[in-house]
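Student: this is a predicted model, with the sequence first.
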Amino acid sequence: MNIESLCVIGMGYIGLPTASVFASKGLQVSGMDINTDIIKLLKAGELHIFEPGLRGLFLDAVNSMRLTVSTAVVPADAFIIAVPTPFYDDKRADLRAVIAATESILPHLQPGNLVILESTSPPQTTTDIVAPILEKSGMQAGEDFLLAYSPERVLPGKILQELVSNARVIGGVNRESAEAGRDLYRKIVNGEIILTDATTAEMVKLMENTSRDINIAIANEFSRLAQDFGVDIWEAIQIANLHPRVEILKPGIGVGGHCIGVDPWFLVEASPDHAQLIRKAREINDEQSDFVAELIKEDVGDLKGKTVACLGLAFKPNVDDLRESPAVRLAHCLMALGAKVVAFEPHRLDAGLPGIDQVDQLELVLGNADVIVLAVAHDEFMDLDAQMVRENTKARVIFDAVRGWDKSIWENAGFQFFGLARTY
Ligand code: SAJ
């Protein structure tokens, strides 16, 4: 299939890089978002998200007239849906954005068009939710128009490389749809392209993130067991990982972001009786921030009236994304234990989080602190000079929740140093 024009619906963490990369490869791309503020910003050449290399790529695409952005869907040969799929409070998948995006394509759908769903979705969303909406056009999916599911699998912080180099799975509602999807993604993907059916592709995506969640959960559970036995969890993991068939991930303060903490629930919802390990792993990872807050209390003593300087709020190092962030959860847990939390997030200087007192300079977060908690291993924090920190704070206690710092350096600078491992 020859695809020359593309409309990407959703200008977020996935849609914006995807639209920019396709435009850089010569397609005529229109990017659509219902959020007028985002479109206004983009039109002014500003990005609402930070991703290494993205701003330059986006501006080049706009300046070369290959990419335009607006709040309306524009007719095209192919449409990509890249909108969020969050969950409701009861952990059921919230597919309202997918449904609205699909409905917005409907008036523009032409015979021969290709529609791709990229949003992470529960099994059978493409066949049972997206196809029936588009078939209201009177056309049949797989016959009059082509329909496929192709999950994004890129790592925030490395999106531009991984969009191109990762293997890409494309699940069609029929073979022709999958092949049309391959013709589209071949324009940007160097990695292997694997064709399958839509529901398999949906399940593949959920299995990937679920297996990572479960692997992190066992690491977190090991960190709790290590406390019971006075074992340094980091040393134990390092030794265990010398075994050729063992690869234990890193324990920490929990799992965040919009993917791994969310996607496993889609399987739990779809098959509650069979998804028992998946549910338990989610619960363990969600509780990890409470566990770490309790450890801090044990090490530091009563937190009531103490000021905790929280270094980092993002869901992982070197990103600006605070969605489902375990660092934010940790800050709330510490407040529930009576601490006053002042936070500094260099990638998002003012996140406007309710209840969290955020400052925009390192000196301000250190100033009045009684305790310093390293919550996110951002590069900026890894490079901190212990002596400089000491001169800028009255705090003499550090809790390194993410094993970012070298204990001996901070002890030599005059700090009491604690972490996830008690013998650390
Ligand atoms: N984390 C740990 N210990 C670890 C690894 C991660 O506690 O050993 C925590 C991180 O701190 C973070 C969370 O897990 O809070 C998730 O971070 P991540 O780097 O593992 O993953 P994401 O959410 O940034 O991206 C994942 C990726 N999926 C997999 O690696 C299987 C990515 O490829 C997906 O495209 C993305 O989810 C997505 O959009 O679904």
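Tutor: Sure thing, it's come through.

Student: buried residues in stretch 326-339, which are they?
Tutor: Counting neighbours by 16 or more other CB atoms under 10 Å, one finds that the buried residues in stretch 326-339 are 326-335, 337, 339. Every residue, glycine included, has its C-beta placed from N, CA and C.

Student: again with stretch 35-44
Tutor: Buried residues in stretch 35-44, defined by neighbour count with 16+ other CB under 10 Å: 38-39, 42.

Student: surely residue 22 is in contact with residue 188?
Tutor: Yes - using CB atoms under 8 Å, residue 22 is in contact with residue 188, at 6.0 Å.

Student: give me the more crowded residue out of the two.
Tutor: Taking neighbours as other CB atoms under 10 Å, residue 22 and residue 188 compare with residue 22 leading, 27 against 15.

Student: pLDDT score assigned to that one?
Tutor: Here the pLDDT value assigned to residue 22 is 98.

Student: what sits against it?
Tutor: The contact partners of residue 22, taken as CB atoms under 8 Å, 6 or more residues apart in numbering, are 6, 8, 29, 187-188.

Student: in these, find the pair that's most separated.
Tutor: Using CB to CB, the two most remote members of the contacts of residue 22 are 8 and 187, lying 13.4 Å apart.

Student: which one's more surrounded, these two?
Tutor: More crowded of residue 8 and residue 187, by other CB under 10 Å: residue 8, with 30 against 13.

Student: next, the contact list for that one, please.
Tutor: 15, 18-19, 22, 29-32, 79-80, 82.

Student: excluding its backbone neighbours, what's nearest residue 192?
Tutor: Spatial nearest neighbour of residue 192, chain neighbours left out: residue 167 (4.3 Å); criterion: CB to CB, 6 or more residues apart in numbering.

Student: and the one you found, how far is that from residue 31?
Tutor: Distance, residue 167 to residue 31, using CB to CB, to the nearest Å: 25 Å.

Student: out of those two, which sits in the more crowded spot?
Tutor: Neighbours of residue 167 and residue 31, each counted by other CB under 10 Å, are more numerous for residue 31; the result is 30 against 11.

Student: so that one is in which element?
Tutor: strand 28-32 (DSSP states H and E).

Student: what's the first helix or strand after that strand?
Tutor: Once strand 28-32 ends, the next helix or strand along the chain (criterion: DSSP H and E) is helix 36-43.

Student: ok so, going back, would you turn the buried residues of stretch 326-339 into JSON lines with pLDDT, distance to the ligand and secondary structure?
Tutor: Shown next, in JSON lines, are these (pLDDT from 0 to 100; distance: CB to the nearest ligand atom, whole Å; DSSP: H, G, I helix; E, B strand; the rest coil):
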{"residue": "326", "pLDDT": "97", "distance to the ligand": "6", "secondary structure": "helix"}
{"residue": "327", "pLDDT": "98", "distance to the ligand": "8", "secondary structure": "helix"}
{"residue": "328", "pLDDT": "97", "distance to the ligand": "11", "secondary structure": "helix"}
{"residue": "329", "pLDDT": "97", "distance to the ligand": "10", "secondary structure": "helix"}
{"residue": "330", "pLDDT": "98", "distance to the ligand": "11", "secondary structure": "helix"}
{"residue": "331", "pLDDT": "97", "distance to the ligand": "14", "secondary structure": "helix"}
{"residue": "332", "pLDDT": "97", "distance to the ligand": "16", "secondary structure": "helix"}
{"residue": "333", "pLDDT": "97", "distance to the ligand": "15", "secondary structure": "helix"}
{"residue": "334", "pLDDT": "97", "distance to the ligand": "18", "secondary structure": "helix"}
{"residue": "335", "pLDDT": "96", "distance to the ligand": "20", "secondary structure": "helix"}
{"residue": "337", "pLDDT": "97", "distance to the ligand": "22", "secondary structure": "coil"}
{"residue": "339", "pLDDT": "96", "distance to the ligand": "22", "secondary structure": "coil"}
